[in-house]
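In: predicted model, plus sequence, below.
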Amino acid sequence: AKRTRTGCAIYDVNFEAEAENHNRLSLTGELRQAIEENQLVLHYQPRLDLASGAITGVEALVRWQHPVRGFIPPDQFVPFAEQTGCIREITQWVAARAFAQCAQWHASGRALQVSINLSARDLLDPELPQRCAALLAGHGASPQWFLLEITERAIVDDPARAIETVTRLHEMGFRLSIDDFGTGYSSLAQLKRLPVAELKIDKNFVMDMARDADDMTIVRSVIDLAHNMGLSVVAEGVETDEARRLLYDMGCDHLQGYQICSPLPAAQLEQWLARTAALHGTTAKEA
Ligand code: C2E
Ligand code: MG
Ligand code: MG
Ligand code: MG
């Protein structure tokens, strides 16, 4: 087991290796059981709006609280779920949970926007928009409250189908964001055909920008590109005061990262939001 910066022990579950040891089926079974038995949880990471200095949204990030293996981060089961097709059930669970939580926040006067990660494979599923519509109705949520994060890979795999799904989600009223922007292989021509509202600069560029001039240039260029295309832009992986200041000076719209707050369970997020509002009022941009 290794430790994360928040101090949780993480068991190195190498599903890919285990899967090769002929128990792929049983691992898929474990994941399905995890959904049924409510072992998955969502944590929410705040996003800071630099113009207002307020927290206007959060990103929902899935975790697996395994009864035997302990806490498992998404990087250790989402790729496996994508390979086996089980990601469909996970996405459905995540969407249902996030819709319900967001509806509850709106009902209690917290107008937070919630970002949800979709996997490349989700965009190849022609029933996804319909299922989302049913879930929204079931939870009394409005599509305008959500940003759906997709990656460039989703568009590269099967552009025609991905663009069709994304367009339907957009027509339903969801806003769309390109996650990990700059790491995929989508062309600007493809990007132009997508009804996206936001680009999300990959955290690796943001984390290294203070000591790597090339990363700084990439970050600055993506911010300008987004603005020139009429899109808003968010930087993830903001870990230091310096990165925050640089991004503020470059005109980035939103920031997300440990410098602001780590992903938290809903109840802790609410406490953090209350404390932050009391501490900073409207001057959160000064750190
Ligand atoms: P992502 O969507 O790009 O999410 C950002 C990741 O960066 C999260 O890791 C977050 O905890 C982490 N992070 C936030 N601030 C910082 C920072 O300042 N520094 C650094 N180094 N990292 C930071 P997490 O939660 O482990 O998620 C990893 C990836 O797993 C996500 O990357 C996303 O691709 C995937 N994922 C998470 N939840 C879901 C989900 O519900 N569905 C799908 N399909 N994928 C998910
Ligand atoms: Mg994301
Ligand atoms: Mg991602
Ligand atoms: Mg990312």
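Out: Alright, I've got the coordinates. Ligands and ions are numbered 1, 2, ... in the order given.

In: stretch 54-71 and ligand 4 in contact?
Out: No - counting by CB under 5 Å from the ion, ligand 4 has no neighbours in stretch 54-71; the shortest distance is 8.9 Å. The C-beta positions use only the backbone N, C-alpha and C, and glycine is treated the same way.

In: just the buried residues of that stretch, please?
Out: In terms of neighbour count (16 or more other CB atoms under 10 Å), stretch 54-71 has its buried residues at 54, 55, 57, 58, 59, 60, 61, 62, 63, 64, 66, 71.

In: how about stretch 194-201?
Out: By 16+ other CB under 10 Å, the buried positions in stretch 194-201 come out as 194, 196, 197, 198, 199, 200, 201.

In: can you redo those residues as CSV with secondary structure, pLDDT and distance to ligand 2?
Out: Putting the buried residues of stretch 194-201 into CSV (DSSP: H, G, I helix; E, B strand; the rest coil; pLDDT from 0 to 100; distance: CB to the ion, whole Å) gives the following:
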residue, secondary structure, pLDDT, distance to ligand 2
194, coil, 90, 16
196, coil, 95, 14
197, coil, 96, 14
198, strand, 97, 11
199, strand, 96, 12
200, strand, 97, 7
201, strand, 97, 12
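
In: contacting residues around the closest residue to ligand 4 within the stretch 51-200 of the chain?
Out: Closest contact between the stretch 51-200 of the chain and ligand 4, by CB to the ion, is at residue 180 (4.2 Å). Residues near residue 180 by CB atoms under 8 Å, 6 or more residues apart in numbering: 151, 152, 200, 202, 203.

In: who does the third one bridge with?
Out: Following DSSP bridges, residue 200 is listed with bridge partners residue 234.

In: among the contacts of residue 180, name the ones in strands.
Out: Mapping the contacts of residue 180 onto strands (DSSP state E) picks out 151, 200.

In: restricted to buried residues, select the contacts of residue 180 in ChimeraX.
Out: Buried members of the contacts of residue 180, defined by 16+ other CB under 10 Å, are picked up in ChimeraX with:
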select :151,152,200,202,203
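
In: identify the farthest-apart pair in the contacts of residue 180.
Out: 152 and 203 (14.9 Å; CB to CB).

In: for the buried residues of stretch 54-71, which one is nearest residue 221?
Out: For those, the nearest to residue 221 is residue 59 (23.4 Å; CB to CB).

In: close enough to count as contact, that closest one and residue 48?
Out: No - taking contacts as CB atoms under 8 Å, residue 59 lies outside contact range of residue 48: 12.0 Å.

In: overlap in contacts, these two.
Out: Residues touching both residue 59 and residue 48 (CB under 8 Å, 6+ apart): residue 256.

In: now the helices for the stretch 51-200 of the chain?
Out: 78-84, 87-107, 128-139, 152-157, 159-172, 188-193 (DSSP state H, counting those that start in this stretch).

In: do the longest one and ligand 1 meet?
Out: Okay, so that is helix 87-107. Yes - Helix 87-107 comes into contact with ligand 1 (CB under 6 Å from any ligand atom), by way of residue 94.

In: which residues touch that helix?
Out: Contact with helix 87-107 is made by 31-32, 35, 40, 42, 44, 60, 62, 78, 81, 111-112, 114, 116-119, 121-122, 125, 128, 131-132, 135-136, 138-142, 145-146, 266, as judged by CB under 8 Å, 6+ apart.

In: just the buried members of these?
Out: Buried among those (16+ other CB under 10 Å): 31, 35, 40, 42, 44, 60, 62, 78, 81, 112, 114, 116-119, 121-122, 125, 128, 132, 135-136, 139, 141, 145-146, 266.

In: these in strands, which ones?
Out: 40, 42, 44, 60, 62, 114, 116, 117, 146.

In: quick one: name the residues of the stretch 151-287 of the chain near ligand 2.
Out: residue 179.

In: tell me the bridge partners for residue 64.
Out: With beta bridges defined as DSSP bridges, residue 64 has these partners: residue 40, residue 72.

In: isn't it up against residue 75?
Out: No - the criterion here is CB under 8 Å, and residue 64 misses it with residue 75 at 11.1 Å.

In: picking up where we left off before, so which of the ones in strands among the buried ones among the contacts of helix 87-107 are also by ligand 2?
Out: With the criterion set as CB under 5 Å from the ion, the members of these near ligand 2 are residue 117.

In: nice, that's everything, thank you.
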